[in-house]
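Enquirer: Sequence below, structure please.
(chains A and B)
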2 protein chains.
Amino acid sequence: MIIEPIAIFESPLTTKFGIPRQSGIASRLVGRIVLQPAFRQGEGLRGLEDFDYLWLIWGFSENVDAVKHSTVRPPLLGGNERVGVWATRSPFRPNNLGLSSVRILSVDAKAGFINVAGADLMNGTPIFDIKPYLPYADSHPDARGGFTDSHSWQCLAVDMPDSVRKQLPPSDCEALIEILALDPRPQYHDDPLRIYGMQYAGFDVRFRVAGNRLLVIDAKKT
Amino acid sequence: MIIEPIAIFESPLTTKFGIPRQSGIASRLVGRIVLQPAFRQGEGLRGLEDFDYLWLIWGFSENVDAVKHSTVRPPLLGGNERVGVWATRSPFRPNNLGLSSVRILSVDAKAGFINVAGADLMNGTPIFDIKPYLPYADSHPDARGGFTDSHSWQCLAVDMPDSVRKQLPPSDCEALIEILALDPRPQYHDDPLRIYGMQYAGFDVRFRVAGNRLLVIDAKKT
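Expert: Below is the predicted model:
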């Protein structure tokens, strides 16, 4: 079956580095769903403003050519335990489809865009479907969540000096701290001297991590 | 992007008539996800048994050639009010992708199948992805659900004479009653003399509806 993007995602995160590992965990991260020109006519978004969340079915466009295995090592398990790919939300999966529930902030039906929070999509990601979140069918708060029930993300304390804060608009600052607290480093990295670079909202952000503390070194306009 | 079925759904419902209008509302309806031969090797399902629900991304394979409009008339609104297609779960949508959360009954990782309950997929439906349901990311019990908050399905009382019950295995009988109670008739139909036919688990089921009561006439092996 051939599917074509009906929308493109706009995010302050322009590379994979820093993308939250699941939707919803970076609640302050704001992005925009922009319908493709062919879908901007008509009233396809009419009524969406009465929902709090929507589903995005999207493409792991960066991973299309990657080799796919029947088991993967989820970062939540420390990256050293294998689980069946269908029992994970790994981005390395046949058909390269992602699924995310994101919070609706505002809908501009005429212009054909939706502002959302909490998305785990990179800037430029193709979106293949938008569906409203139906709590009566989609919400199972007491469901068992397999290995995700007994493991949680270890968050970092983020030190952002005033000199860096001054460089960033306040809302970007809060969202950036939230993303950094989620520890964007690859698994197994533990080098307090290593300097990491991350692109965020047109800034080149550099930081170091020692133990459970992350220090932002600087944020420069690119 | 080209996507290919990774599994096929097996259901007692072999035509569109009778398919529940959303996942979960026919909780006794049991079906089976059968991985395609290429995915039966390996251990792709390892760990899935520790989850209660899974997501299916699937194809509205019957509607691929249908004309798609930017607004649709949801049956929940009586079929006479238009809503933007992206604000509904209508099967008539660009890219023809369906999304359903179904309850896991059992997993046979070696044979490559999963028995599930509550699916709104027809027999033979192609499945493009299977993902575990993660309550921490996917469950938003207090989310506003737009027009689905103020409208609910009108259920029918189902009269199934003993003569019909005797024809059916007890578990099929209960599932069939549940499906019929959801009123499988097309919108606007209100003819107490009209006889409807539905295929279910190898039976040709005939019924009539008068007011809020559905009378099963007979169920014959096809």
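
Enquirer: going forward, measure contacts between C-alpha atoms and count neighbours the same way
Expert: OK.

Enquirer: May I ask which helix or strand encompasses A:N115?
Expert: Under the criterion of DSSP states H and E, A:N115 resides in strand A:113-117.

Enquirer: What pairs with the helix or strand following that strand, parallel or antiparallel?
Expert: Counting by DSSP H and E, the next helix or strand C-terminal to strand A:113-117 is strand A:126-132. Paired neighbours of strand A:126-132 in the sheet (DSSP bridges): strand A:7-10 (antiparallel), strand A:53-59 (antiparallel).

Enquirer: Take those and write them to CSV, including mean neighbour count.
Expert: Output for those, formatted as CSV (neighbours: other C-alpha atoms under 10 Å in any protein chain shown):
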stretch, mean neighbour count
strand A:7-10, 22
strand A:53-59, 22
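
Enquirer: now these as JSON lines including mean pLDDT?
Expert: Putting the strands paired with strand A:126-132 into JSON lines (pLDDT from 0 to 100) gives the following:
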{"stretch": "strand A:7-10", "mean pLDDT": "98"}
{"stretch": "strand A:53-59", "mean pLDDT": "98"}
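
Enquirer: Out of these, the one nearest A:L214 is which?
Expert: strand A:7-10 (26.6 Å; C-alpha to C-alpha).

Enquirer: Show me how far the closest one is from its chain's centre.
Expert: Here the centre of strand A:7-10 is set off from its chain's centre by 13 Å, with C-alpha atoms, centre = their mean, to the nearest Å.

Enquirer: on that earlier part again, give me the helices and strands touching the strand holding A:N115, please.
Expert: strand A:30-35, strand A:97-108 (3 or more C-alpha pairs under 8 Å, 6 or more residues apart in numbering or on different chains; DSSP states H and E).

Enquirer: Show residues contacting the longest one.
Expert: Applying C-alpha atoms under 8 Å, 6 or more residues apart in numbering or on different chains, the set of residues contacting strand A:97-108 from outside is A:22-24, A:45, A:48-49, A:51-60, A:89, A:91, A:113-120, A:133, B:129, B:137-138.

Enquirer: What is the burial count for A:A38?
Expert: 9 (other C-alpha atoms under 10 Å in any protein chain shown).

Enquirer: Name the SS class of A:H151, please.
Expert: Per DSSP: H, G, I helix; E, B strand; the rest coil, the secondary structure class of A:H151 is coil.

Enquirer: Who are the contact partners of the residue nearest to A:P75 when sequence neighbours are not counted?
Expert: Spatial nearest neighbour of A:P75, excluding adjacent residues (C-alpha to C-alpha, 6 or more residues apart in numbering or on different chains): A:Q187 at 6.7 Å. Contact analysis of A:Q187 by C-alpha under 8 Å, 6+ apart lists A:P75, A:G78, A:G79.

Enquirer: what does A:L182 give?
Expert: Taking C-alpha under 8 Å, 6+ apart as the criterion, A:L182 is in contact with A:P20, A:W153, A:Q154, A:C155, A:L156.

Enquirer: which of these tops the neighbour count?
Expert: The most neighbours of any of those, using other C-alpha under 10 Å, belong to A:P20, which has 24 neighbours.

Enquirer: Check what pLDDT it gets.
Expert: Predicted confidence (pLDDT) for A:P20: 94.

Enquirer: Could you double-check that it sits in contact with A:I179?
Expert: Yes. Counting by C-alpha atoms under 8 Å, A:P20 touches A:I179, with 6.8 Å between them.

Enquirer: Identify the contacts common to these two.
Expert: Shared contacts of A:P20 and A:I179 (C-alpha under 8 Å, 6+ apart): A:A26.
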